[in-house]
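Student: Provide a 3D model corresponding to the input given below.
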Amino acid sequence: MEVGQFVVLSLANPNEKYWGLLLTLDGPGITLRGVNLSSFEDWVQEVAQQQTPTLGASTIFFPLHRVERLSLDEPMGELESLHQSFERRTGQSPENHLLTAAQGVVH
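Tutor: So this is what the prediction gives:
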């Protein structure tokens, strides 16, 4: 995994999954700009319909002891990746949307 790639992060204690743009991956942990996977569909729908956001991406640090798995967000056969789904459904680049919405986050 490299900084700047889209990933799915599986966590323990509590069990959670996040999707987003990998900002850092180092000894202490992982920093991600993204959303909880359980909110992904609702978030994409809000962006696509240009609704006033009730959900949004955030920049979050996860300590390494919580990380169970880090997976690259990539297509599998004919199934598109989550970032491809976002782009198709919203007409926006997920990188640009996440970074523009960050307001002041420097990469």
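
Student: can you pull the contacts of the residue nearest to residue 11 when sequence neighbours are not counted?
Tutor: Of all residues not flanking residue 11 in the chain, residue 66 sits nearest, at 4.8 Å (CB to CB, 6 or more residues apart in numbering). All C-beta spots, glycine's among them, are computed from the backbone N, C-alpha and C. By CB atoms under 8 Å, 6 or more residues apart in numbering, the residues touching residue 66 are 11-13, 29.

Student: Apply 7 Å and report the result again.
Tutor: 11-13 (CB atoms under 7 Å, 6 or more residues apart in numbering).

Student: quick one: it from residue 27, how far?
Tutor: According to CB to CB, to the nearest Å, residue 66 and residue 27 sit 14 Å apart.

Student: again, but for residue 97
Tutor: Distance check for residue 97 against residue 27: by CB to CB, it reads 30 Å.

Student: for residue 72, same thing?
Tutor: Residue 72 sits 21 Å away from residue 27, taking CB to CB as the criterion.

Student: Quick check on those two: which one has the bigger neighbour count.
Tutor: residue 72 (12 against 5; other CB atoms under 10 Å).

Student: Please name the bridge partners of the more buried one.
Tutor: Taking DSSP bridges as the rule, residue 72 bridges to residue 7.

Student: Quick check: it touching residue 4?
Tutor: No. Here residue 72 lies out of contact with residue 4, judged by CB atoms under 7 Å, at a distance of 11.8 Å.

Student: Wait, residue 36 touches residue 16, no?
Tutor: Yes. Using CB under 7 Å, residue 36 makes contact with residue 16 at a distance of 6.4 Å.

Student: In three-state terms, how would the closest residue to residue 93 other than its chain neighbours be classified?
Tutor: Closest residue to residue 93 apart from its sequence neighbours, by CB to CB, 6+ apart: residue 87 at 6.3 Å. Here residue 87 is recorded as helix under DSSP: H, G, I helix; E, B strand; the rest coil.
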